[in-house]
Structures are given as C-alpha cells and as structure tokens.
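Chemist: Could you work out the structure for the sequence below:
(one chain, ligands or ions: 2)
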Amino acid sequence: MTDATPSLPAIAFIGGGNMARSLIGGVVKAGGDVASIRVAEPVDALRDALHADFNVQVFDDAAPAATGAEVWVLAVKPQVLREVCEALAGLAQAQRPLVVSIAAGITSAQIARWLGGGIAVVRAMPNTPALLGAGVTGLYANAAVDAGGRDIARTLLESAGETVWIDDEALMDAVTAVSGSGPAYVFLLAETMVDAGIAEGLAPDAARTLALQTILGAARMLTADDTPAAELRRRVTSPNGTTQAAIESFERDGFRDIVARAVQAARVRGVELSAANDEA
Ligand SMILES: NC(=O)C1=CN([C@@H]2O[C@H](COP(=O)(O)OP(=O)(O)OC[C@H]3O[C@@H](n4cnc5c(N)ncnc54)[C@H](OP(=O)(O)O)[C@@H]3O)[C@@H](O)[C@H]2O)C=CC1
Ligand SMILES: O=C(O)[C@@H]1CCC=N1
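Modeler: Ligands and ions are numbered 1, 2, ... in the order given. Here you go, the predicted structure:
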C-alpha cells in the first residue's frame with residue numbers, strides 16, 4: 001500500500017467483473033478517493049453491487065465512463081478487448097489517457113494499435129488476493145509511458161499488494177502463468193488436501209480447518225524472511241518420518257514436472273490469446 005493512493009487521478013474501469021472488483025476493493029481499502037473512480041459494466045447486478053459496496057460511479061457503457069478519465073483500466077476478457085478498444089479509439093486519440101490493461105495475453109502493441117496508435121499502455125497482471133490488499137502484480141510499460149504514468153500505474157496496483165516491474169514484455173505471459181493464475185493452483189491444492197483428509201477419515205470441518213490453516217501458516221512462514229522454501233521443507237521433514245514418505249511419493253509421481261507443465265500451459269495460452277484476437 002502507499003499513502004500516494006488518495007491522489008490518484010480520475011480512473012475509469014472498463015469492465016466491472018471479478019478482477020475489477022478486487023482492484024477497486026484494494027484502492028478503496030487503501031483510502032483512495034471513490035469519487036474519482038468510474039466503472040463501465042453491462043451486467044446490471046454487478047454494476048449495482050459495485051455502486052452499493054464501494055459508492056463508485058457506474059455506467060452501462062464504456063464511453064461515458066472513460067470520458068474525462070485520465071486513466072483507463074481495461075478489465076474485460078481478452079476475447080472482447082479488441083472490440084472495446086476499437087469503440088474507444090476516437091476518445092483515446094482525443095484524450096490521450098494512460099491505459100492500464102489487465103487482460104491476459106494481449107500485448108501493449110495490440111492495445112495501442114486498436115486504440116488508434118501512439119497510446120501510453122501499461123500492461124498489468126494482478127491476481128485476486130488484491131481484494132485483501134495481498135495481491136501481487138507484474139507491470140510492463142510501453143515506450144509511450146512516461147515516469148508520471150509509471151508512478152500512477154504502480155500506485156494504483158500497489159493498493160492491491162506488491163508490484164514487480166518486468167522489462168521484457170514477452171515475460172508477461174510467464175507472470176500470468178505464475179501469479180495471475182497462481183491463486184487457483186493453491187486453491188486446487190487446498191481442495192485436494194481437504195478431500196484427502198476426508199478420505200483418510202477426518203470430519204469435513206476438521207479436514208478443512210487443518211488443511212486451510214496449514215496453507216495459511218506455510219504461506220506466512222514463506223514470506224516471514226528470506227529462508228528458502230526448500231530449507232523450510234527440510235525442517236519439516238524428519239529422517240525416515242512421515243513427511244519424507246509423502247515427499248518421496250510426490251517426487252515419484254512427478255509433482256515438479258506436473259507443476260512446470262501446468263505453468264507452461266498457462267503461458268502458452270496467453271500467447272494463443274494474443275494471436276487469436278489479432279486475426280482479420
Ligand atoms: N480473474 C482473475 O483472477 C484475473 C483476471 N485477469 C484479467 O482480467 C480481465 C477480466 O477478468 P475477470 O474480471 O475475471 O472477468 P469477468 O468476466 O469477471 O469481468 C469482465 C466484465 O466485463 C464485462 N464487459 C464485457 N464487455 C464490456 C464492455 N464493452 N464494456 C464494459 N464491460 C464489459 C463483462 O460482462 P459480460 O459478462 O456480460 O461479458 C464482465 O462482467 C481478463 O482480461 C483477465 O484476463 C487478470 C488477472 C487475474
Ligand atoms: O484465467 C485467466 O485467463 C485469467 C488471467 C489470470 C487469471 N485469470
């Protein structure tokens with residue numbers, strides 16, 4: 001978080017779904033000025049909930065939300081981003097906003113081109129823990145973004161957690177694969193540990209508490225200091241004990257390869273999303 005958050009300029013979120021809600025929640029929690037936040041969202045229920053929960057200005061169409069806003073946060077699905085940008089191109093050329101896109105895969109060059117060219121674009125990849133201020137965001141700025149634009153983008157995303165600048169845009173798909181999608185991997189692990197505990201005879205409530213508190217405690221240990229994950233793992237693993245039996249089972253079953261292949265699949269999907277949305 002940063003105490004610069006309240007001084008953010010007027011921001012228009014184009015798309016008010018899951019991720020926009022997480023980011024808006026982060027900005028509001030960090031003390032950002034809700035009067036400067038507008039959201040364009042076609043789904044009535046989502047729009048109404050955003051207004052009720054955060055008191056932000058809501059619109060059912062992108063153009064009125066974006067008009068006059070210095071920062072546009074593009075928070076629609078990659079598959080509709082081109083259409084959204086092309087509809088806003090005239091306004092983008094007239095207003096020259098700082099555009100922050102959180103769409104997976106879609107490149108800053110595509111976005112700048114769809115908006116008519118010459119637009120300052122920051123590509124950001126946040127994740128859903130942003131809602132709790134516990135997110136992490138990879139950021140890439142194209143050449144048209146000046147120091148002030150980088151500061152605004154960083155300040156906006158810092159309200160949702162930590163930020164990491166990435167110099168090579170091609171690596172943004174790897175960021176997406178590790179941290180953008182990453183919470184889902186941990187949630188899958190949580191589901192699996194709870195189910196395994198139940199299969200071993202634990203009551204569902206007990207299995208849930210034991211598994212989830214273990215993940216929380218382990219995450220806190222991982223971030224408490226610089227002790228490597230491998231060392232923390234070694235400290236749990238008594239020679240010839242229970243953990244060693246489990247770790248050897250994981251290694252035999254190819255756990256490391258399974259995770260590496262999943263991360264690679266997510267990265268490749270990001271590349272595909274970019275290509276698929278630039279045809280014709
Ligand atoms: N969810 C996540 O964990 C993360 C998502 N992202 C990225 O964030 C983006 C949004 O994802 P997410 O929030 O999950 O998706 P959602 O589908 O929850 O939100 C997108 C919203 O935008 C709406 N929308 C569609 N067209 C327009 C339009 N023309 N103007 C304004 N709003 C429109 C959609 O309505 P409708 O449903 O009617 O189409 C939908 O409510 C994606 O590009 C994704 O890659 C990035 C990091 C993490
Ligand atoms: O699944 C997706 O495509 C988006 C991007 C990262 C997290 N959710």
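Chemist: The single nearest residue of the chain relative to ligand 2: how many residues sit nearby?
Modeler: With Cβ to the nearest ligand atom as the measure, residue 180 is the residue of the chain nearest to ligand 2, at 3.4 Å. Quick note: C-beta positions are derived from backbone N, CA and C, even for glycine. Residues near residue 180, counting by other Cβ atoms under 10 Å, number 26.
Chemist: measure the residue nearest to residue 21 when sequence neighbours are not counted to ligand 1 for me?
Modeler: Nearest residue to residue 21, sequence neighbours excluded (Cβ to Cβ, 6 or more residues apart in numbering): residue 50, at 6.6 Å. Here the criterion is Cβ to the nearest ligand atom, to the nearest Å. By it, residue 50 lies 10 Å from ligand 1.
Chemist: Who are the contact partners of the residue of the chain closest to ligand 2?
Modeler: Shown in contact with residue 180 (Cβ atoms under 8 Å, 6 or more residues apart in numbering): 104, 125-127, 138, 266.
Chemist: re the thing from before, give me the distance between the residue nearest to residue 21 and residue 125.
Modeler: Note on residue 50: its distance to residue 125, by Cβ to Cβ, to the nearest Å, is 22 Å.
Chemist: Show me which of these two is the more surrounded one.
Modeler: Neighbour count, other Cβ under 10 Å: between residue 50 and residue 125, residue 125 has more, with 28 against 23.
Chemist: Isn't residue 23 up against residue 130?
Modeler: Yes. Here residue 23 reaches residue 130: they are 5.5 Å apart, a contact under Cβ atoms under 8 Å.
Chemist: circling back: in which helix or strand would I find the residue nearest to residue 21?
Modeler: Following DSSP states H and E, one finds residue 50 within helix 44-54.
Chemist: helices or strands up against that helix?
Modeler: If you count contacts as 3 or more Cβ pairs under 8 Å, 6 or more residues apart in numbering; DSSP states H and E, helix 44-54 packs onto helix 18-29, strand 37-40, strand 57-59.
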